[in-house]
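Asks: 3D, please:
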Amino acid sequence: MRIFGFAGWSGSGKTTLIEQLIPLLVARGLTVSLVKHAHHSFDIDRPGKDSYRHRLAGCTEVLVSSSTRWALIHELRGQPEAPLSSALRRLSSCDLVLVEGYKAAPIPKLEVWRAKVGKDALYPRDPAIRAVVTDDALPVPSALRVFGFDQRDEIATFIDANAASPPAAD
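Replies: As a prediction, the model looks like this:
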């Protein structure tokens, strides 16, 4: 398993770019998984469903399974958030894990930056950022690659070449 991260502020286009890159990476014969960090509470379950009711009743974990997919919902119940290394250990074997978020993780990353978001670039403070995707003028050091959003094939090649083994622990 190798990993590669995507960093950037909300609204910069990370999710859309990742969505466009996944089919390109899969077409190269890679099995791809993704870990997405959420900075807010989220729910993949719906009120009224059995699994939702069982969680509310006090289950720590509820696994929902069908002939097409399964999902494990784990309630932290006041425990600390799991670090990236813990999330990676929960994944099935694959060739490449894309990581969206976890900005501070020491993994090779691509920054997605747009001026319209109104936030400073992350690369000056994060040595793990290896490239920037932007359609705006940005004074990037020569050590970093710069891609436009339309250079998806080149970005996929860069990710495949620069993905690394995951860190042992956070």
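Asks: L76: what's it in contact with?
Replies: Taking CB atoms under 8 Å, 6 or more residues apart in numbering, we find L76 in contact with A82. To be clear about C-beta, it is placed using only N, CA and C from the backbone, and glycine gets the same treatment.
Asks: Could you give me the buried positions within the single longest helix found in the chain?
Replies: Selection of the longest helix in the chain by residue count, based on DSSP state H, yields helix 14-27. Neighbour counts over helix 14-27 (16 or more other CB atoms under 10 Å) mark K14, L17, I18, L21, I22, L24, L25 as buried.
Asks: and those as JSON lines, adding pLDDT and distance to Y123?
Replies: Formatted as JSON lines, the entries for those read as follows, by pLDDT from 0 to 100; distance: CB to CB, whole Å:
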{"residue": "K14", "pLDDT": "95", "distance to Y123": "14"}
{"residue": "L17", "pLDDT": "97", "distance to Y123": "16"}
{"residue": "I18", "pLDDT": "97", "distance to Y123": "18"}
{"residue": "L21", "pLDDT": "98", "distance to Y123": "19"}
{"residue": "I22", "pLDDT": "97", "distance to Y123": "23"}
{"residue": "L24", "pLDDT": "98", "distance to Y123": "23"}
{"residue": "L25", "pLDDT": "98", "distance to Y123": "23"}
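Asks: so which of these comes closest to D126?
Replies: Out of the buried residues of helix 14-27, the one with the shortest distance to D126 is K14. That distance is 14.6 Å, counting by CB to CB.
Asks: and that closest one, what does it touch?
Replies: If a contact means CB under 8 Å, 6+ apart, then K14 has F6, A7, G8, E100, V112 as its contacts.
Asks: Could you rerun that using 10 Å?
Replies: Each residue near K14 by CB atoms under 10 Å, 6 or more residues apart in numbering is listed here: G5, F6, A7, G8, K36, E100, G101, L110, E111, V112, V133.
Asks: Sitting in strands, which of the residues you listed do you find?
Replies: Counting by DSSP state E, the members of those that fall within strands are G5, F6, A7, K36, E100, L110, E111, V112, V133.
Asks: Just the closest of the residues you listed to A164, please.
Replies: G5 (9.9 Å).
Asks: Which strand residues bridge the closest one?
Replies: As for beta bridges, G5 partners with V99, K109 under DSSP bridges.
Asks: That one: what's it in contact with?
Replies: With contacts defined as CB under 10 Å, 6+ apart, the neighbours of G5 are 14, 35, 37, 84, 97-103, 105-111, 126, 128-130, 159, 163-164.
Asks: Hmm, E75 and Y52 touching each other?
Replies: No: shown here, Y52 and E75 do not form a contact pair, counting by CB atoms under 10 Å, at 11.4 Å.
Asks: if we can go back for a sec, can the buried residues of helix 14-27 go into JSON lines with extra columns for distance to D45?
Replies: Output for the buried residues of helix 14-27, formatted as JSON lines (distance: CB to CB, whole Å):
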{"residue": "K14", "distance to D45": "25"}
{"residue": "L17", "distance to D45": "28"}
{"residue": "I18", "distance to D45": "24"}
{"residue": "L21", "distance to D45": "28"}
{"residue": "I22", "distance to D45": "24"}
{"residue": "L24", "distance to D45": "32"}
{"residue": "L25", "distance to D45": "29"}
